[in-house]
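[1] sequence first, predicted coordinates after that:
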Amino acid sequence: MIFRIGLLLSASILMSCSSSLKNVKVDQLKKNKEFEEAVTIEIPTPTVSEEVTEPAPEVGESPAATPKAMPKSQKKTLQPVVKKSAPKPKVASAAKTKSSTKTTSRAKGKTMEETVANAGRQPEIEDSEGFDGRRPIVDPFRVGEEVVHNVHYFKVSAGELKMKVEPFSTVNGRKSYTFAIEIKTSPLFSNFYRVQDRVETFVDYEDLVPRVFQLHVNETNSIRESKMLFDLEKNEATFWEKKVTKEKGEEEKKEQWEILPFSQNVYSAIFYMRNFKWETGKEYSFRVANEKENLVFSGKAIRREVLDTKLGPMKAIVIQPNIVLKGKFKPIGDNYIWVSDDDRKLVLRIESKIKIGTLVSEVIKIK
């Protein structure tokens with residue numbers, strides 16, 4: 001996620017002015033028969049929209065420390081509406097299908113849910129404190145949550161980053177979190193290079209593993225639609241991409257590779273890390289599958305501090321992330337993530353050193 005922000009928004013700053021792509025039929029790019037045959041996503045649509053913005057916190061207090069109850073007018077407004085329909089999925093849900101014959105960490109002939117119930121927290125590399133099996137004892141996520149960041153470079157605003165928890169979805173019959181990330185360049189930098197991207201990643205409510213993500217990229221020099229499906233019975237990832245660029249025109253690709261059980265994708269990882277306690281000096285790890293590679297995210301809480309933000313002083317934990325690829329530790333440079341020091345672990349700040357200078361993404365609004 002850090003690399004994604006850095007690449008997109010530093011490109012906005014450093015690239016010369018160029019005209020946008022024209023006459024691209026985005027709806028055609030979104031169509032993917034193979035994906036639609038395998039996945040059915042139902043998204044509830046709220047009939048009433050009512051925003052609650054948290055007040056600026058007191059010194060040492062995060063806005064997340066005492067979450068407010070949802071107004072009564074909101075409690076019964078979500079009605080399940082099929083937003084995207086498809087033929088019956090060829091990929092059966094994990095709850096009803098026996099496990100793959102491939103060698104995995106789960107017992108032969110058992111579903112993932114049965115294995116977790118019998119064996120406790122899995123995989124073994126993940127910390128178990130604060131969890132009951134795969135579920136966190138205290139759920140850090142709230143439907144309607146939105147954390148807005150200003151992304152700046154040399155103190156000049158380059159764009160806006162949003163991390164959102166949208167209404168629960170049903171993916172192939174299973175209740176799922178709907179996590180969304182949006183990146184948009186500021187009006188000033190859009191004159192040089194426009195970025196307006198969004199990704200939705202659907203994470204299973206019971207086992208906290210992403211089944212699907214959909215990435216929508218709309219930039220000055222490229223328009224792209226990417227989709228990924230994690231088949232948790234076969235332990236296999238399938239990635240589809242259709243894109244149009246100014247240099248190469250239309251392109252398509254499909255990739256498949258074997259994944260390890262309980263892997264996150266690169267977008268769900270920024271949400272999944274919020275489930276851990278992040279005690280100072282302790283390292284936390286989990287698996288990530290991305291671009292035909294199986295990685296291990298490793299993060300260490302290096303200190304606690306009071307972070308000065310636009311919302312006021314907030315208690316925060318500073319995390320330094322790294323990755324392990326093919327058994328080898330690979331530091332990813334001077335990158336740091338600040339999360340709120342409470343049960344929510346909201347992402348408050350990200351720093352990423354790039355080729356020239358440091359890109360900073362910091363919170364300006366929390367809903």
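    Okay, I see it. Worth saying up front: this structure is predicted, and the values here are computed from it rather than measured.
[2] mind exporting the C-alpha coordinates of the host helix or strand of residue 217 to CSV?
    Per DSSP states H and E: residue 217 is located in strand 210-218. C-alpha atoms of strand 210-218 as CSV (Å, rounded to 0.1, in the frame of the first residue of the first chain):
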residue,chain,number,x,y,z
PRO,A,210,-10.1,-11.6,1.3
ARG,A,211,-12.0,-13.5,-1.4
VAL,A,212,-12.1,-10.8,-4.0
PHE,A,213,-10.8,-7.4,-4.9
GLN,A,214,-11.7,-5.0,-7.8
LEU,A,215,-9.3,-2.2,-8.7
HIS,A,216,-10.5,0.7,-10.9
VAL,A,217,-7.7,2.9,-12.2
ASN,A,218,-8.4,6.2,-14.1
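[3] helices and strands around that strand, which ones?
    Helices and strands touching strand 210-218, by 3 or more C-beta pairs under 8 Å, 6 or more residues apart in numbering; DSSP states H and E, are strand 196-204, strand 222-231. Yep, even glycine has a C-beta here, placed from its N, CA and C like the rest.
[4] just the helices in the chain please.
    Along the chain, counting by DSSP state H, helices occupy 2-14, 26-30, 33-38, 72-75, 112-119, 187-190, 269-272.
[5] in terms of mean pLDDT, which of the ones you listed ranks lowest?
    For these, mean pLDDT drops lowest on helix 72-75, to a mean of 39.
[6] picking up where we left off before, gap between the strand holding residue 217 and the chain center?
    9 Å (C-alpha atoms, centre = their mean, to the nearest Å).
[7] do stretch 39-47 as well
    18 Å.
[8] report the buried residues of it.
    Under the neighbour-count criterion of 16 or more other C-beta atoms under 10 Å, stretch 39-47 has 39-44 buried.
[9] now do stretch 148-158
    With burial defined by 16+ other C-beta under 10 Å, the residues of stretch 148-158 counted as buried are 148-153, 158.
[10] widest-spaced pair of those?
    Using C-beta to C-beta, the two most remote members of those are 148 and 153, lying 17.6 Å apart.
[11] pLDDT score for the residue nearest to residue 334 when sequence neighbours are not counted?
    What sits nearest to residue 334 in space, not counting adjacent residues and going by C-beta to C-beta, 6 or more residues apart in numbering, is residue 353, at 4.2 Å. Residue 353 carries a pLDDT score of 84 in this model.
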